[in-house]
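1. Return a 3D structure for these sequence lines:
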Amino acid sequence: MKYLALDYGTRRVGVAVSDPDGMMAFPRRTLKREVREAFFAELLALIDEERPDAIVLGYPLHTDGSECLTTRQVRNFAASLKRRMNLPIYYMNEVLSSADAESRLAAAGLNARAIKDVVDQEAAALILESFLSQPESLRKEA
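-> Numbers count the residues shown, from 1 in each chain. Have a look, this model is predicted:
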């Protein structure tokens, strides 16, 4: 199965995709959330282009497992996405994914400006890697 992962943010959404067999994750792009309908049109066009079998949505929690403000925003985003397409959506805990992505990119030699440009899609790839390594029985559908 091919998956498309999203690292939700209020300003930007990182996108990553898996290979057709669902074994590896690749950063794809970062979408800006400036105008709601334009953002959803761009996202749905990308989903149509990539043709995933399911969507994986980063699910933000505090390190102790409790919910935060963004958790509710992600649930609302998932509901909006479900109204616009018919693919299954899965949640994947994304604790520290952005921090890990920044560390990886810095270790790869990127400067701060370059990191800012791709950190969201790298975080989406980390979320997708975690999801792909998780047993199917533990995957949580939105």
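
2. C-alpha from now on. contacts and neighbour counts both.
-> Fine.

3. quick check: mean pLDDT across stretch 47-66?
-> Across stretch 47-66, pLDDT averages out at 92.

4. Let me fix that, I meant to ask about stretch 125-133.
-> Stretch 125-133 comes out at a mean pLDDT of 94.

5. Tell me the buried residues in it?
-> The neighbour-count check on stretch 125-133 (16 or more other CA atoms under 10 Å) flags 125-129, 131-132 as buried.

6. what residue ranges in this structure are flagged as low confidence?
-> Applying pLDDT under 70 to the chain flags residues 95-97, 101, 105.

7. Where is the longest helix in the protein?
-> Identified as the longest helix of the chain according to DSSP state H is helix 112-133.

8. returning to that earlier point: for the buried residues of stretch 125-133, give me TSV that also has distance to Ala25.
-> Formatted as TSV, the buried residues of stretch 125-133 follow (distance: CA to CA, whole Å):
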residue	distance to Ala25
Ala125	5
Leu126	8
Ile127	9
Leu128	6
Glu129	6
Phe131	10
Leu132	8
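
9. nearest to Met1, of the residues you listed?
-> Distance to Met1 across the buried residues of stretch 125-133 (CA to CA) is lowest for Leu132, with 10.2 Å.

10. hang on, the closest one packs against Phe26?
-> No - the criterion here is CA atoms under 8 Å, and Leu132 misses it with Phe26 at 12.0 Å.

11. quick revisit: the longest helix of the chain - contacts with which helices or strands?
-> Other helices and strands packing on helix 112-133, by 3 or more CA pairs under 8 Å, 6 or more residues apart in numbering; DSSP states H and E, are strand 3-7, strand 12-18, strand 25-32, strand 54-59, strand 89-93, helix 97-107.

12. Can you tell me which of these is packed in deepest?
-> With neighbours taken as mean count of other CA atoms under 10 Å, the helices and strands packed on helix 112-133 reach their highest mean count in strand 3-7, at a mean of 30.

13. Kind regards, and thank you for your time.
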